[in-house]
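Engineer: Quick check, what structure comes out for this input:
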Amino acid sequence: MLTPPPRPNGNSPRTFLQTLLRTLPLHVLIAITIVGGAALLYTNSVSNRGTWATLGSWSLTALYVIIAIVGGTVAGVLDAARQMVERFEQALRDWFHTLPALRGAEDTRNRDLSTVRQEYETLLDHSVAQAGRRLRLPQWLERLIRGALRGMVVDRFMASCTARGVHVVAPQEFRNWLLAEGVSLGFMPVLDQLSWWRYLIIGMLLLLAAVALTLAFLTS
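Structural biologist: Next up is the predicted model:
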């Protein structure tokens, strides 16, 4: 019998959309304040240099605000995705703790790697599908998580068993490896990728703000 992962804490947002609505406005507001504010300072510094200079500076300010809105939106989406992946990882850990209770005594016998691989790929796919529906994850994030988990099962656990010369393994051993090492290794690339892109976008926004502030300083 397959049981879905436990439900997340009721005090935190339950879906991706709820998390996004909590993080997105803050990211957009901060981006507009910093980037748009820097552009506005530059506009004020050239306001006395003629009509064309003023028109160009206001056009630059409008462009900066648009970039800030887009960049803040993308950064907010990535931050919400990162939070949901962290919550999904914790839910998966809690679920793995319940696996022994779902199996009878006859299921504790060792089996070959191909059987274990097929069984736990099914369990992981089922857990991702259940959590994806409950948390209402976007398709791109669900595919990212599913790919990471499949890679964790197929590549890492099987490779570790092969390296140790192990050809039969008990489900309990697989579960223990997941809790001790596998889950973290599987989710780490996803979390790193989401964080890296978010910091890259934030860095680009800060760079734009620095350029505008430098121009304002040079023209004042």
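Engineer: who touches Asn44 in this structure?
Structural biologist: By Cβ atoms under 8 Å, 6 or more residues apart in numbering, Asn44 lies in contact with Ala216. For the C-beta atoms, the positions are set from N, CA and C on the backbone; glycine is no exception.
Engineer: where's it, which helix or strand?
Structural biologist: Under the criterion of DSSP states H and E, Asn44 resides in helix 37-45.
Engineer: buried residues in that helix?
Structural biologist: 37-43, 45 (16 or more other Cβ atoms under 10 Å).
Engineer: Reformat those residues as TSV; add distance to Arg146.
Structural biologist: Output for those, formatted as TSV (distance: Cβ to Cβ, whole Å):
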residue	distance to Arg146
Gly37	41
Ala38	41
Ala39	41
Leu40	45
Leu41	46
Tyr42	46
Thr43	48
Ser45	51
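Engineer: re earlier: then the helix holding Asn44 to CSV, C-alphas only?
Structural biologist: Provided in CSV are the C-alpha atoms of helix 37-45 (Å, rounded to 0.1, in the frame of the first residue of the first chain):
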residue,chain,number,x,y,z
GLY,A,37,15.4,54.8,-6.9
ALA,A,38,19.0,54.7,-8.3
ALA,A,39,17.6,55.6,-11.7
LEU,A,40,15.5,58.4,-10.3
LEU,A,41,18.6,59.9,-8.6
TYR,A,42,20.3,60.0,-12.0
THR,A,43,17.3,61.6,-13.5
ASN,A,44,17.4,64.4,-10.9
SER,A,45,21.1,64.9,-11.4
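Engineer: Show the subsequent helix or strand relative to that helix.
Structural biologist: That would be, after helix 37-45 and using DSSP H and E, helix 51-97.
Engineer: So for the helix holding Asn44, mean pLDDT?
Structural biologist: Per-residue pLDDT values across helix 37-45 average out to 86.
Engineer: repeat for stretch 91-106
Structural biologist: Per-residue pLDDT over stretch 91-106 has a mean of 61.
Engineer: for stretch 187-195, same thing?
Structural biologist: 88.
Engineer: show me where this structure has strands.
Structural biologist: All strands of the chain, identified by DSSP state E, fall at 111-112, 168-169.
Engineer: tell me the most buried of those strands?
Structural biologist: strand 168-169 (a mean of 16; mean count of other Cβ atoms under 10 Å).
Engineer: any idea how far Thr19 is from Thr33?
Structural biologist: According to Cβ to Cβ, to the nearest Å, Thr19 stands 22 Å off from Thr33.
Engineer: For the two, indicate the residue with more neighbours.
Structural biologist: Of the pair Thr19 and Thr33, Thr19 is the one with more neighbours under other Cβ atoms under 10 Å, namely 23 against 13.
Engineer: doesn't Arg82 make contact with that one?
Structural biologist: No. The criterion here is Cβ atoms under 8 Å, and Thr19 misses it with Arg82 at 9.6 Å.
Engineer: what sits up against stretch 202-220?
Structural biologist: So stretch 202-220 is contacted by 31, 34-35, 37-39, 41-42, 44-46, 49, 60, 64, 67-68, 71-72, 75 (Cβ under 8 Å, 6+ apart).
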